[in-house]
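> Sequence and predicted model, in that order:
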Amino acid sequence: MKSIDLKDILYKVEKPARYIGNEINSAKKNLDEVNVRFGFAFPDVYEVGMSHLGMHILYHILNAEKDVYCERIFAPWVDMEEEMRKNNVPLFTLETHSPVKELDFFSFTLQYELSYTNILNMIELGNVPIRSKDRTEEDPFVVAGGPCAYNPEPLAEVIDFFMLGEGEEQIVQVMNLYKEWKKQGKSRNEFLEMVCEIKGIYVPSFYDVKYNEDNTIKSFEPKKDSYPRRITKAIVDDLDSVNYPDSVMVPNIDIVHNRAMVEIFRGCIRGCRFCQAGVIYRPVRERSLEKVEKIAEDLLKSSGFEELSLASLSTSDYSKIEDLVNILVGKYSGERIGLSLPSLRLDKFPIEVIEEIQKVRKTGLTFAPEAGTQRLRDVINKGITEEDLTKTVKEAFELGWTTVKLYFMIGLPTETYEDLDGIADLANKVVDIYYSIPKEKRGRGLKVTVSTSCFVPKPFTPFQWYEQDYRDEFIEKQNYLKSKLKNRNIKYNYHESKTSFLEAVVARGDRRVGETIIKAWELGCTFDGWGEKFKYDKWLEALESTNVDPHFYANRKREYTEVLPWDFVNVGVTKDFLQRENERALSEKITPNCRMSCAACGITDDFIGGDCKCVR
Amino acid sequence: MCKIRIRFKKNGYMIFTSHLDLMRIIERTLRRARVPISFSQGFNPHAKMSFATALALGVSSDGEYMDIELDEKVDLDNLAKRISKELPEGIEIIQYKYIDKKAKSLMSIIKYSSYVINLKLEKKISEEELRGNIEEFLKEDEIIIEKYSKKKNKTRKVDIKPMIKSIELVNIDDENVLLKALLAAGSEQNIKPEAVMEKMFEKMDFFNKEYVRVHRLELYALNKKDKMVTPLDDSIA
Ligand code: SF4
């Protein structure tokens, strides 16, 4: 093995330090003493991938195994790709600059549907065949995990096997099995036969899908009786007992989240009906206060980061959030270490603590009411009331904040133009509140930003059966809001409906959509999530030439009886529950959060035995 | 409160980090090494450290300098050892000492920088011929470059002749040329070796214009006797 000398091409690209590795706390191992080489690939640029907490956790866990070496791989930006192709440089790992083809595993994390063409591009840049059926004993196993893997079907042709669920324990099991297999000198296929017995492992080539004449799925069947009929996600029982990084890589260049991150809990008690994360990460499991404190201390000491952030969904639902914040601020403000928190109820903290937090929060206050009226917020089960919002905004203005961001979704089920009016009304109310505060008490230069994204129905949510709005409906709604948000203090941003449309196609896609993705990549699509790089016309061309009707996937209402492409995955939450929640949505009934009362989502049936930990 | 001046190297892949990146890297290194660094007062406190000049992306150096302020006086050798242990591979401390608290800032005292410049030949050329070419280039009355100012969105013409103290030929073979140059650096006058080479290439067609590799050897200040000395020299620091 010879590592690749990148120096000469690095002089020709933008931000060359993306490709150098060599970060403090990155893993250095002697390749002769390593038995399994694992490549953790993030299908986006360094700055995005390095900001992803899950990668740091699995990197740490794999490298804690003495004879396993986990190295990182990111997508080269277009300029680097061009140089690599020109100079015959294959895709390489950051740690040792070795070609990915030398690895045992080439593993992708699926965080976003529009990163799939990057995956194909990276596989090809690594000189590995795109389709799993074309790979030989010379090639690494191309595997994938992460939230989008819960509907693995669009990548069924590409990925050798998927790892569904939480990886901390599962990935070590896979590594141990691999070492066993390697010793026995068995074939590639025999490994797949072995690995599919591990919980959460899905080998797509072991299953047959048949379709009805109307293009819906007729059946999904294992090719042998010995293959599992349902794939059940892997889950970590107790966060305190699983290995969490005590040291974390310190990037040499600025990245999106350039700070130490501690995950304080997993799951979410809220049950918003559009939210996939709120379902797939169930049930809520908290890390103890003591453990969080200890991790924070270790991470800060070993990294030298000047900022710490607490990571989770809906952070303020951590049961001891006030204690935690007070402890951390008390401990670290003297060392000039800032605490960054995504969302917080301000009324619970003393002013000194808020001021400390404020120092870090340069971006202002953010709120995500998601819908403009209480009626629609009840439909989506978003437990924010107008009073919550106005009260917090008022306090924040009194404390000197002047920037407020409001996030909404358009195209939600049952939405009418009254709900859009509600968005404008809320924004105007925020402006009024600001001006109701005496001049000398408020900060100067109010800026209210209203952002709307286009609703994308996702698998494993109560809205998984819904049709997405057509693009012209989205555009009409955006124009309507534009005309209603004309206040000079308000800025209106909206997401392009093109990308949301495609996201909807891929998110609920089946194996046939996989052909379209491959075609789109062949036509030159990469970095689809990067606005200016998105080639919508190429995608339309790919859809047409692979005979895939995007509206069938994005804009069609499904019946409850339809076999959905992801039905074989058991995320713990039952389809029954999702259906019930959808019915409640239609009758505008909210479902109380898991801490108030259990809604019997089913997670306890197969997983944490009988006594859900959300309820205390 | 006291002040330390440190000379350090930047090489290997670390040359591809920018000046801004480097400042962050150093601050985090100092934090890991538990250096009792002073912070500025005010709403957004920052670590009190200052650098001599910004090094361009891709340039290696044996002559980088920084000053850091400490809250308390500590044993320097021990401190340097701790910092060295925490620095990423490619950045290395070479020299350090306490300097006067009121010493002038590095940025204001630096006047010159010396470089080694590695070039590639596209056509063969003899040593004498190249020497002659360089001499001729240095004999010109003025060497004008266009400088773009982002602020004014205008380019203006600057004569860089006075900023070139010397360019010497160190070595030449069939493919490579090694030059040594002494150029103005610092807050008053500053010229990058890449810009000088660009002008030189206009006069000499035998070089590969794409290939300029620069290594900084040392930075110089002027002492009271107008003698060129390093920022760590006793006659200034
Ligand atoms: S079992 Fe009950 S409390 Fe636990 S996640 Fe499901 S609904 Fe919430």
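Perfect, thanks for sending it. Residues are numbered from 1 along each chain as shown, chains lettered A, B, ... in the order given.
> for the closest residue to the ligand within chain B, what are its contacts?
Going by CB to the nearest ligand atom, the ligand is nearest to residue B:28 of chain B, at 39.3 Å. For every residue, glycine as well, the C-beta is placed using N, CA and C. Residues counted as contacts of residue B:28 (CB atoms under 8 Å, 6 or more residues apart in numbering or on different chains) are A:24, A:250, A:303, A:304, A:305, A:306.
> Tell me the buried residues within those residues.
A:24, A:250, A:303, A:304, A:305, A:306 (16 or more other CB atoms under 10 Å in any protein chain shown).
> Could you tell me which ones among these also sit near the ligand?
When contact is defined as CB under 6 Å from any ligand atom, those do not meet the ligand at all.
> what domains does the record give for chain B?
B:2-103, B:110-229 (the TED database).
> Mean neighbour count, those domains: which tops it?
With neighbours taken as mean count of other CB atoms under 10 Å in any protein chain shown, those reach their highest mean count in domain B:2-103, at a mean of 17.
> Check the secondary structure at residue B:132 for me.
Per DSSP: H, G, I helix; E, B strand; the rest coil, the secondary structure class of residue B:132 is helix.
> Report pLDDT for it.
Per-residue confidence (pLDDT) for residue B:132: 95.
> Can you tell me the centre-most residue of chain A?
residue A:111 (4.1 Å; CA atoms, centre = their mean).
> Assumed that one was part of a helix.
No - applying three-state DSSP, one finds residue A:111 to be coil, outside a helix.
> ok, it - contacts?
By CB under 8 Å, 6+ apart, the neighbours of residue A:111 are A:42, A:44, A:52, A:146, A:147, A:148.
> Run through the residues of the stretch 51-200 of chain A sitting next to chain B.
By CB under 8 Å from any CB of the partner chain, no part of the stretch 51-200 of chain A sits against chain B.
> how about the helices in the stretch 51-200 of chain A?
Ranges of helices within the stretch 51-200 of chain A are A:53-64, A:78-86, A:116-125, A:167-184, A:188-195, based on DSSP state H, counting those that start in this stretch.
> quick one, helices of chain B?
With helices called from DSSP state H, chain B shows them at B:19-32, B:76-86, B:106-109, B:127-139, B:193-203.
> can you tell me the distance between the two ends of stretch A:221-233?
Start-to-end span of stretch A:221-233 (CA to CA, to the nearest Å) is 19 Å.
> in chain A, what secondary structure element scores lowest on mean pLDDT?
helix A:351-360 (a mean of 66; mean pLDDT, DSSP states H and E).
> What of chain B?
Per mean pLDDT, DSSP H and E, bottom of the list for chain B is strand B:144-149, a mean of 86.
> coming back round to it: reformat the buried ones among the contacts of residue B:28 as CSV; add distance to residue A:313, secondary structure and pLDDT.
Shown next, in CSV, are the buried ones among the contacts of residue B:28 (distance: CB to CB, whole Å; DSSP: H, G, I helix; E, B strand; the rest coil; pLDDT from 0 to 100):
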residue, distance to residue A:313, secondary structure, pLDDT
A:24, 29, strand, 96
A:250, 26, strand, 97
A:303, 24, helix, 96
A:304, 28, coil, 95
A:305, 22, coil, 95
A:306, 25, coil, 92
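> wait, which of those is closest to residue A:467?
residue A:305 (45.0 Å; CB to CB).
> which ones are touching the nearest residue to the closest one once chain neighbours are set aside?
Closest residue to residue A:305 apart from its sequence neighbours, by CB to CB, 6 or more residues apart in numbering or on different chains: residue A:260 at 4.3 Å. Residue A:260 sits next to A:248, A:296, A:299, A:300, A:303, A:305, A:307, A:308, A:309 when contact means CB under 8 Å, 6+ apart.
> Now do residue A:260 against residue B:36, distance only.
Using CB to CB, to the nearest Å, residue A:260 is found at 21 Å from residue B:36.
> Nearest approach to residue A:589 belongs to which of the helices of chain B?
Of the helices of chain B, nearest to residue A:589 by CB to CB is helix B:19-32, at 50.6 Å.
> Could you figure out how far the closest one is turned away from helix B:76-86?
Orientation check (axes from the mean of the first three to the mean of the last three CA atoms, to 10 degrees): helix B:19-32 against helix B:76-86 gives 120 degrees.
> For chain A, which residues are neighbours of chain B?
A:6-7, A:10-11, A:16-17, A:20-24, A:250, A:252-254, A:301-306, A:335-336, A:359.
> Would you mind checking these for buried ones?
The buried subset of the residues of chain A next to chain B (16+ other CB under 10 Å) comprises A:6, A:10-11, A:16-17, A:20-24, A:250, A:252-253, A:302-306, A:336, A:359.
> Tell me where the model's unsure across the chain.
With no chain named, the answer covers chain A. Along chain A, segments meeting pLDDT under 70 span A:1-2, A:342-352, A:354-356, A:358-363, A:606-616.
> that answer is for a different chain, and I need it for chain B
In chain B (pLDDT under 70), the answer is B:43, B:237.
> Please enumerate the strands of it.
B:2-10, B:49-51, B:60-70, B:91-99, B:110-121, B:144-149, B:154-159, B:164-172, B:176-184, B:207-222, B:228-229 (DSSP state E).
> got JSON lines for the ones you listed, with distance to residue A:432 too?
JSON lines is the format used below for these (distance: least, CB to CB, whole Å):
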{"stretch": "strand B:2-10", "distance to residue A:432": "53"}
{"stretch": "strand B:49-51", "distance to residue A:432": "46"}
{"stretch": "strand B:60-70", "distance to residue A:432": "48"}
{"stretch": "strand B:91-99", "distance to residue A:432": "54"}
{"stretch": "strand B:110-121", "distance to residue A:432": "55"}
{"stretch": "strand B:144-149", "distance to residue A:432": "44"}
{"stretch": "strand B:154-159", "distance to residue A:432": "45"}
{"stretch": "strand B:164-172", "distance to residue A:432": "64"}
{"stretch": "strand B:176-184", "distance to residue A:432": "59"}
{"stretch": "strand B:207-222", "distance to residue A:432": "58"}
{"stretch": "strand B:228-229", "distance to residue A:432": "65"}
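> Please tabulate those in a markdown table, including the columns distance to chain A.
As requested, the strands of chain B are exported to a markdown table (distance: least, CB to the nearest CB, whole Å):
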| stretch | distance to chain A |
| --- | --- |
| strand B:2-10 | 12 |
| strand B:49-51 | 13 |
| strand B:60-70 | 11 |
| strand B:91-99 | 10 |
| strand B:110-121 | 11 |
| strand B:144-149 | 19 |
| strand B:154-159 | 23 |
| strand B:164-172 | 20 |
| strand B:176-184 | 14 |
| strand B:207-222 | 8 |
| strand B:228-229 | 31 |
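> To residue A:456, which of those strands lies closest?
Judged by CB to CB, the one of the strands of chain B that comes nearest to residue A:456 is strand B:144-149, at 44.2 Å.
> what angle sits between the closest one and helix B:193-203?
Using the same axes, to 10 degrees: strand B:144-149 against helix B:193-203 is 140 degrees.
> Residue B:201 and residue B:207 touch, don't they?
Yes - contact criterion CB atoms under 8 Å: residue B:201 and residue B:207 qualify, at 5.5 Å.
> Which residue does chain A have closest to chain B?
Closest approach between chain A and chain B, counting by CB to the nearest CB: residue A:304, at 3.4 Å.
> Next, the buried residues of stretch A:186-193.
A:191, A:192, A:193.
> For the closest residue in space to residue B:82 that isn't next to it in sequence, list the residues it contacts.
Distances taken as CB to CB, 6+ apart place residue B:33 nearest to residue B:82, at 4.2 Å, with adjacent residues excluded. The contact partners of residue B:33, by CB under 8 Å, 6+ apart, come to B:79, B:82, B:83, B:85, B:86.
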